[in-house]
Every structure is written in structure tokens, then in C-alpha cells.
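A.B. asks: Whatever this is, show me its structure:
(chains A and B)
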There are 2 protein chains.
Amino acid sequence: MSKSEVVELRVLEEGGVVPCCRPITAGELSQADAEKMAAMFKALSDPVRLRLFSKVASHPGGEACVCDIADVGVSQPTVSHHLKKLREAGLLTSERRGTWVYYQVAPSVVAAMAAMLDLRG
Amino acid sequence: MSKSEVVELRVLEEGGVVPCCRPITAGELSQADAEKMAAMFKALSDPVRLRLFSKVASHPGGEACVCDIADVGVSQPTVSHHLKKLREAGLLTSERRGTWVYYQVAPSVVAAMAAMLDLRG
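C.D. replies: You can find the predicted model right below:
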């Protein structure tokens, strides 16, 4: 498939429609797509958020309770703030079960980011 | 290769040593690696920077003169500022030839970011 033939697919996620699967080498991003993708990258632009994200992603079963991942050296309200930002950006989903909120990585959103950075296309 | 067997490779880039190729599902990021990777994601967290980056990445020949990519709706000094940020983060390299500076994507740095977001590991 040549670069010009790459079809821009879109994936419907909880957080909205995200540009998906089009490598950055395939062509210039539109302003609208750049704004959506920049918001996702921004969610990972903070070391504490990135560590929380890696803790959820690497947790057995692919999900983590906030009680499992809060040891990142910041206060509980700060942990909650960062998890909210990750959720708002569409990178994590969450579900309350009993006392705790459980977080899961949103695989298609993360895959869209990875696909965009795929230079082999 | 099981997650625990994933070897953390490191790539030497102009911008320094970057954590490479270890998917985020393989384990928690250290604080030091989180800081390095967060700086790279931060470079792509601005829509104008992301558009400039996509223009370089998708330009024929894999490199672009600043004269080719400056039409992103902001002033020339702002374009220069954003290109400097992308260069400082290690995502672009640059080379002056005659009157113009040419920018290239740094493939191993971008590959490290993509590998980190690879959830298939």
C-alpha cells in the first residue's frame, strides 16, 4: 500500500472519535486531527502520569485499582487528578466496583498513537 | 518472549540515551525513564508542533527545509521555536546547507515511542 493510498480509519472510543492508524509519514495532519492527537500526547507528557499509565498497563489482568498504583510519590488527590486527565484524554477507562475505581488501558486509543508513530509505512 | 524477558535496549541518539523498545505493558517505568519519555511525548503535545513534525515526516525524501513546512498559520519565529523544541526532545535532527536548515525525523527516537505504546507485547 503506497503512502497516498493509506486510508484514514477512525475508531469510536468512549472519549470520542480519534484519528486512527495513519502513520505520520503518510501525509500532513489536518489541524483538527493534530488537535485530537496532541491532546493524547499531552496526557503522557508528565512523568507521574506516564508512570501511573505504565502501572495500569503492566498490571496483571490489564486493569488496576487506584489502591494498587498510588505509590508514585505524590498525594492521593494528585494521583486522582492525573488519572482523571488520562481518562479525559481517552487513554484509560474506569469502572467503579464496590469501594474502588478500577482503571483499564483503552487499547484502540493507544494503538492509534503507536500507529501514528510507525515510520515503516 | 514473555513480558519479564523483554530486554530493555537503549539507543544512543543525538539528544542522549533514550529508553527504547520496552512496551509499557512489560512493567512499570522507573522515574528516570518516565522523565525522559515524558519529555518526548511533551514535544508532540502541541498541535502546531505535531503538524510541523508530520510535515517533516511525510515530506519526500524524509527531510524538509524550513521553507517547505512553515505554512502552519503561525509566525516564522514561532515555527523556529517549535522546531527547536522538537530538536531538543530528540525527535528531529537538523543540518544547515547553504541558506537553509533541513530537518529530518530521528527514526530510533520515534520508534522508541511507538514501541513503548505497543500493547501486543
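
A.B. asks: what ranges do the strands span in chain A?
C.D. replies: Secondary structure of chain A (DSSP state E): strands at A:9-13, A:16-20, A:63-65, A:92-97, A:100-105.

A.B. asks: Which of those strands comes out lowest on mean pLDDT?
C.D. replies: Of all these, the minimum mean pLDDT falls on strand A:9-13 (a mean of 38).

A.B. asks: So which bits of chain A are right by chain B?
C.D. replies: For chain A, the contact set with chain B under CB under 8 Å from any CB of the partner chain comprises A:3, A:24-29, A:31, A:34-35, A:37-39, A:41-42, A:44-51, A:53-55, A:57-58, A:73, A:105, A:107, A:110-111, A:113-114, A:117-119. In this view, the C-beta of every residue, glycine as well, is placed from N, C-alpha and C.

A.B. asks: Tell me which of these fall in helices.
C.D. replies: Members of the residues of chain A next to chain B lying in helices (criterion: DSSP state H): A:31, A:34-35, A:37-39, A:41-42, A:47-51, A:53-55, A:57-58, A:107, A:110-111, A:113-114.

A.B. asks: Narrow these to those that are buried.
C.D. replies: A:34, A:37-39, A:41-42, A:47-51, A:53-55, A:57-58, A:110-111, A:113-114 (16 or more other CB atoms under 10 Å in any protein chain shown).

A.B. asks: Need phi/psi at the residue lying closest to A:V109 once chain neighbours are set aside.
C.D. replies: Excluding its sequence neighbours, the residue lying closest to A:V109 (CB to CB, 6 or more residues apart in numbering or on different chains) is A:G90, at 4.5 Å. For A:G90, the backbone dihedrals (degrees, to the nearest 10) come out as phi 90, psi 0.

A.B. asks: Could you measure from A:G90 over to chain B?
C.D. replies: Distance, A:G90 to chain B, using CB to the nearest CB, to the nearest Å: 13 Å.

A.B. asks: For the spatially most central residue of chain A, give me its contacts.
C.D. replies: Centroid-nearest residue in chain A, with CA atoms, centre = their mean: A:L91, separated by 2.5 Å. Residues near A:L91 by CB atoms under 8 Å, 6 or more residues apart in numbering or on different chains: A:40, A:43-44, A:53, A:105-106, A:109-110.

A.B. asks: A:C65 too?
C.D. replies: Counting by CB under 8 Å, 6+ apart, A:C65 has contacts A:100-103.

A.B. asks: One more pass at 6 Å, please.
C.D. replies: Neighbouring residues of A:C65 by CB atoms under 6 Å, 6 or more residues apart in numbering or on different chains: A:100, A:102.

A.B. asks: now do A:A43
C.D. replies: Here A:A43 is in contact with A:85-86, A:89, A:91 (CB under 6 Å, 6+ apart).

A.B. asks: Looking at those residues, which is nearest B:I69?
C.D. replies: Nearest to B:I69, judged by CB to CB, of the contacts of A:A43 is A:A89 at 26.6 Å.

A.B. asks: Name the nearest residue to the closest one, sequence neighbours excluded.
C.D. replies: Nearest non-adjacent residue to A:A89, counting by CB to CB, 6+ apart: A:A43, 3.5 Å away.

A.B. asks: Show the pLDDT at the residue nearest to A:V72 when sequence neighbours are not counted.
C.D. replies: Excluding its sequence neighbours, the residue lying closest to A:V72 (CB to CB, 6+ apart) is A:R51, at 5.1 Å. A:R51 carries a pLDDT value of 94.
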